[in-house]
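1. structure, please.
(one chain, ligands or ions: 2)
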Amino acid sequence: MRMVFRWFGTGNDTVSLAQIRQIPGVEGIVWALHHLPAGEVWPLEEIMKVKEEADAFGLHLEVVESVNVHEDIKLGRPSRDRYIENYKQTIEHLAKVGVKTICYNFMPVFDWVRTDLHKELPDGSTAMFYEKQKIDKIDPKELINKINENPNFTMPGWEPERLAHLSKLFESYRGVTEEHLLENLKYFLDEIIPVAERYGIRMALHPDDPPWSIFGLPRIVGTHDQLRRILQLVDSPYHGLTLCTGSLGANPQNDLAAMIREFADRIPFVHIRNIRRYDNGDFIETSHRVTDGSIDIPGVVRALHEVNFQGYARPDHGRQIWDEECRPGYGLYDRALGIMYLWGIWDSLQRS
Ligand SMILES: O=C(O)C(=O)C[C@H](O)[C@H](O)CO
Ligand SMILES: [Fe+2]
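-> Numbers count the residues shown, from 1 in each chain. Ligands and ions are numbered 1, 2, ... in the order given. Next up is the predicted model:
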């Protein structure tokens, strides 16, 4: 297990590279050029700048999250070919600085979804919360304003420029079924995977968060069967998954350890975090500790150990604790605590 840590870039993160390198066992950053809209080629000069910054702290940049997929690709529009060509060029550029894995997702319109970014937990910390009833009723526009109401940070996946055309976006998805979306994913993969293979980069599809349809939009990356079917679309080790325990684990039917055992050689990257599920369909992010949430984190780590996992891992989201001012989910303290919990389990498994 190779531990990495998500970093949003200079001027775009409250956590510094100097701090990241002091977290035990962290060897690299998980990064992206967050200011670029989906579909554009990532310029080599800008990539090189991040490399210089990371090099100065002895951190590698082998994991990118995310190179976002343009909506026209998901919609299967004729213009997708141009965006796919750009994607290929970005892969080529990323290979030049030693990138080995690219995380991406295939969710229509929205990336991750929560109703509250600062919900208080009983211990006084705050965390991101998903309230099912609210999602079932809320106007998506209202949700966008809510997520973006903190002007200090851009929220990845919630870019106001892109979502400004929300009604049109929703309109475009009318009639797009799950089958269509899957076909469009296959079209994308058939083009991208040979390029990824040529450059030694493993593509790692992130599951839908939460792993079910919202606002009537199709979603196809949420269950064991769906993951299996998607992996069968292209039979290559370069077409893999980001196994995200918090996303998949929001559905109690998902057996994460079973997924790890079955898809072992197709998982270049794992996101490990815990959530507490409630019977009414709500869930809240919690500390990594097994007793704090509904997900068997030690069981997940044990499964990874059993399959001799050699890929990258990051603590996904954390709570906001100790009055830290940070991006929701992406503070230093709780993610660092999470890492130590994961190492504790891993190291004791190594010993036994
Ligand atoms: O929602 C999560 O668990 C994430 O990790 C979000 C990811 O960064 C995103 O969906 C990847 O493309
Ligand atoms: Fe994740």
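2. got the residues of the stretch 101-250 of the chain near ligand 1?
-> Cys103, Tyr104, Asn105, Asp111, Trp112, His206, Asp209, Cys244, Gly246, Ser247 (Cβ under 6 Å from any ligand atom). C-beta: built from backbone N, CA, C; applies to glycine.
3. please name the bridge partners of the third one.
-> Residues found in beta-bridge contact with Asn105 (criterion: DSSP bridges) are His206.
4. start at 265 instead
-> Okay, residue one is now 265; in that scheme the one you just asked about reads as Asn369.
5. which ones are touching it?
-> By Cβ atoms under 8 Å, 6 or more residues apart in numbering, the contact set of Asn369 is Ser330, Asn332, Val333, Asp375, Leu469, His470, Pro471, Asp472, Val485.
6. which ChimeraX command selects the buried ones in the residues you listed?
-> One line in ChimeraX is enough to select the buried members of these, burial here meaning 16 or more other Cβ atoms under 10 Å:
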select :330,332,333,375,469,470,471,472,485
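7. just checking, which of the contacts of Asn369 comes out lowest on pLDDT?
-> Minimum pLDDT for the contacts of Asn369 is recorded at Asp375 (91).
8. wait, what's in contact with that residue?
-> Contacts of Asp375 by Cβ under 8 Å, 6+ apart are Asn369, Pro420, Gly421, Trp422, Asp473.
9. buried ones in stretch 406-416?
-> Leu407, Ile408, Lys410, Ile411.
10. mind listing residues that contact that stretch?
-> Residues contacting stretch 406-416 (Cβ under 8 Å, 6+ apart): Val377, Arg378, Thr379, Leu381, Ile399, Met419, Trp422, Pro424, Leu427, Leu430, Pro592.
11. list buried members of these by neighbour count.
-> Val377, Arg378, Thr379, Leu381, Ile399, Met419, Trp422, Leu427, Pro592.
12. now for the contacts of Asn369, which pair is the farthest apart?
-> Taking Cβ to Cβ, the two most distant members of the contacts of Asn369 are Asn332 and Pro471; they sit 15.5 Å apart.
13. so which residues of the stretch 465-614 of the chain form strands?
-> For the stretch 465-614 of the chain, the strands defined by DSSP state E, counting those that start in this stretch cover 466-470, 503-508, 533-536, 538-541, 547-550, 576-579.
14. can you put the ones you listed in CSV and add distance to Asp611?
-> Shown next, in CSV, are the strands of the stretch 465-614 of the chain (distance: least, Cβ to Cβ, whole Å):
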stretch, distance to Asp611
strand 466-470, 25
strand 503-508, 21
strand 533-536, 15
strand 538-541, 19
strand 547-550, 23
strand 576-579, 14
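15. so of the buried ones among the contacts of stretch 406-416, which ones are in strands?
-> Leu381 (DSSP state E).
16. ok, back up a step: the residues of the stretch 365-514 of the chain next to ligand 1: which two are farthest apart?
-> Tyr368 and Gly510 (17.4 Å).
17. between the two, which one's more packed in?
-> Between Tyr368 and Gly510, counting by other Cβ atoms under 10 Å, Gly510 is the more crowded of the two (26 against 19).
18. the more buried one: what's it in contact with?
-> If you count contacts by Cβ under 8 Å, 6+ apart, then Gly510 has Asp473, His535, Arg537, Asn538, Ile539, Glu549, Ile559, Asp580, His581 around it.
19. kindly recompute the last result at 10 Å.
-> 376, 392, 471, 473-474, 535-539, 547, 549-550, 552, 557, 559, 579-581, 593 (Cβ atoms under 10 Å, 6 or more residues apart in numbering).
20. and ligand 2, which of those reach it?
-> His535, Asp580 (Cβ under 5 Å from the ion).
21. please convert the contacts of stretch 406-416 to TSV, extending it with pLDDT and distance to Val294.
-> Output for the contacts of stretch 406-416, formatted as TSV (pLDDT from 0 to 100; distance: Cβ to Cβ, whole Å):
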residue	pLDDT	distance to Val294
Val377	93	21
Arg378	95	20
Thr379	94	26
Leu381	94	20
Ile399	92	27
Met419	84	16
Trp422	86	18
Pro424	81	24
Leu427	82	24
Leu430	86	28
Pro592	94	17
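22. pick out the most distant pair among these.
-> Between all members of those, the farthest pair (by Cβ to Cβ) comes out as Leu430 and Pro592, at 21.4 Å.
23. close to ligand 2: what parts of this structure are there?
-> Checking the chain against ligand 2 by Cβ under 5 Å from the ion, the hits are Cys508, His535, Asp580.
24. most surrounded residue in these?
-> Cys508 (28 neighbours).
25. which pLDDT value belongs to that one?
-> 98.
26. what about it, distance to Gly439?
-> 29 Å (Cβ to Cβ, to the nearest Å).
27. may I see the buried residues of the longest helix seen in the chain?
-> Looking across the chain with DSSP state H, the single longest helix is helix 442-462. For helix 442-462, a neighbour-count test (16+ other Cβ under 10 Å) marks 444-446, 448-449, 451-453, 455-457, 459-461 as buried.
28. ok and the residue in the stretch 265-414 of the chain nearest ligand 2?
-> Trp376 (7.5 Å; Cβ to the ion).
29. near the residue nearest to that residue when sequence neighbours are not counted, how many other residues are there?
-> Sequence neighbours aside, Asp473 is the residue nearest to Trp376 in space, at 4.2 Å (criterion: Cβ to Cβ, 6 or more residues apart in numbering). Using other Cβ under 10 Å, Asp473 has 27 neighbouring residues.
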